[in-house]
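**Student:** structure for this input, please:
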Amino acid sequence: MPPEAAPDTAPRNEHSRGRRVASWQEHHRWSAAASLRRLASRPLGSLLTIAVMGLALALPLAFYLLLGNVQKLGDALGQSQAISVFMQPGQNAQQAQLLARQLGARPEVASVTIKTPQQGMDELAKMQGFSGALQTLDSNPLPYVLQLQPRAELSARAAAQLVTDLRGMRSVDMVQDSGSWRQRLDALLAVGNRAVLVLASLLTLAALLVVGNTVRVDIASRSEEIGVLLLVGASSAFVRRPYLYAGIWYGLFSGILAALLAVLIELALAGPVAQLSQAYAGRLQVGGLPLWLLLAVPLAAAALGWLGARLVSAWQLRKAA
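**Tutor:** Okay, the predicted model is just below:
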């Protein structure tokens, strides 16, 4: 008889496994819906929790937006490490082209642009208050100017050495280096980026604690119900599942709120930023937060809410057991 009973065992096991999977899926659906109804049953408390978490997550986004636009502002003001080489008065176009070829052949230099005295005079004529004074000049006193663009990977020490070499050339009258203030701006931006990272970590921890405390209070208010479930044989995973979904809902809604607040900040700054861009003749291109980041914030916040609920619920259930 055992050989005849063996073929019936596998279908029975598969059927039992399928029922367990179906029951597991059904409990997940019930837990998600029940936790959402529980949040809706106490709207004020839920909204306060979501608002606190949303504000905590929106602040790093606002600082990230600010730093990104400060970087763009630096680019508009000439943040690139351009070096202006003023040639000696009396140098002609042929000498300027010869020096430009010599400098362009250096490995530290990415490109060289020649600005003629007439181009310099035209730029001065466009400036307010100079047009009348320039008309009184008999000749153009401006020299040829070579604008050097060092390579992007050039270190600050190599750039300083390049400037020293340029100042030692006989045909060069003056060298104007914009790299010093660029280095200061880069240092300030590096400090700002590190501050945003630290702030984001602290506020993320705050959001984690908010979710954890909310779930802890919820579990404590249902301690008798949880005790009964554990006595009748319910597993810890079964008991804590609704609370995990509650953490996910808190995180998801707070992430959506944080993304909306970031978009509102962009819209509030749109008018002043447009005026600032006009003041710089459209060279200042201010951007907003990327779409992928706005979409990722709710998902990351949901994972954060799940983590907070998971840690607190595991600790609370160990106490209840």
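**Student:** let me see the contact set for Pro242.
**Tutor:** Ser31, Ala34, Ser35, Arg38 (Cβ atoms under 8 Å, 6 or more residues apart in numbering). For every residue, glycine as well, the C-beta is placed using N, CA and C.
**Student:** contacting residues around the first one?
**Tutor:** Neighbour list for Ser31: Arg241, Pro242, Leu244, Tyr245 [criterion: Cβ under 8 Å, 6+ apart].
**Student:** make JSON lines from those and add distance to Pro117 and secondary structure to it.
**Tutor:** Below are those laid out as JSON lines (distance: Cβ to Cβ, whole Å; DSSP: H, G, I helix; E, B strand; the rest coil):
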{"residue": "Arg241", "distance to Pro117": "78", "secondary structure": "helix"}
{"residue": "Pro242", "distance to Pro117": "79", "secondary structure": "helix"}
{"residue": "Leu244", "distance to Pro117": "73", "secondary structure": "helix"}
{"residue": "Tyr245", "distance to Pro117": "73", "secondary structure": "helix"}
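**Student:** can you tell me the helix or strand for Gly288?
**Tutor:** Assigned by DSSP states H and E, Gly288 falls within no helix or strand.
**Student:** pretty sure it contacts Ala62?
**Tutor:** No. Gly288 lies out of contact with Ala62 (Cβ atoms under 8 Å); the separation is 11.4 Å.
**Student:** how about the strands in the chain?
**Tutor:** Here the chain has its strands, by DSSP state E, at 83-87, 109-115, 145-150, 172-177.
**Student:** so for Gln95, which of these sits nearest?
**Tutor:** strand 83-87 (7.3 Å; Cβ to Cβ).
**Student:** and that closest one, which strands flank it?
**Tutor:** Here strand 83-87 is paired, per DSSP bridges, with strand 145-150 (antiparallel), strand 172-177 (antiparallel).
**Student:** what residues does it touch?
**Tutor:** With contacts defined as Cβ under 8 Å, 6+ apart, strand 83-87 is touched by 95-96, 99, 103, 143-150, 159, 162-163, 166, 171-179.
**Student:** ok, of the residues you listed, which come out buried?
**Tutor:** The neighbour-count test (16 or more other Cβ atoms under 10 Å) marks 96, 99, 103, 143-146, 148, 150, 159, 162-163, 166, 172, 175, 177, 179 as buried among the contacts of strand 83-87.
**Student:** where do the helices of the protein begin and end?
**Tutor:** Under the criterion DSSP state H, helices of the chain are mapped to 2-41, 43-76, 93-104, 117-126, 131-135, 156-167, 179-221, 223-231, 236-279, 291-320.
**Student:** looking at the ones you listed, which has the lowest confidence?
**Tutor:** Ranked by mean pLDDT, the helices of the chain bottom out at helix 131-135, which scores a mean of 55.
**Student:** so who does Asn213 touch?
**Tutor:** Counting by Cβ under 8 Å, 6+ apart, Asn213 touches Val312.
**Student:** hmm, I was thinking of Thr214
**Tutor:** Contact analysis of Thr214 by Cβ under 8 Å, 6+ apart lists Gly45, Thr49, Ala246, Tyr250.
**Student:** returning to what we had before: which stretch among the strands of the chain comes nearest Val21?
**Tutor:** Evaluated over the strands of the chain, closeness to Val21 peaks at strand 109-115, with 61.8 Å, by Cβ to Cβ.
**Student:** per-domain residue ranges of the protein.
**Tutor:** Listed by automatic domain parsing, the domain ranges of the chain are 31-76+185-320, 84-177.
**Student:** the helices of the chain into JSON lines, with extra columns for distance to Ile83?
**Tutor:** Conversion of the helices of the chain to JSON lines gives the following (distance: least, Cβ to Cβ, whole Å):
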{"stretch": "helix 2-41", "distance to Ile83": "60"}
{"stretch": "helix 43-76", "distance to Ile83": "17"}
{"stretch": "helix 93-104", "distance to Ile83": "9"}
{"stretch": "helix 117-126", "distance to Ile83": "16"}
{"stretch": "helix 131-135", "distance to Ile83": "26"}
{"stretch": "helix 156-167", "distance to Ile83": "6"}
{"stretch": "helix 179-221", "distance to Ile83": "7"}
{"stretch": "helix 223-231", "distance to Ile83": "71"}
{"stretch": "helix 236-279", "distance to Ile83": "26"}
{"stretch": "helix 291-320", "distance to Ile83": "36"}
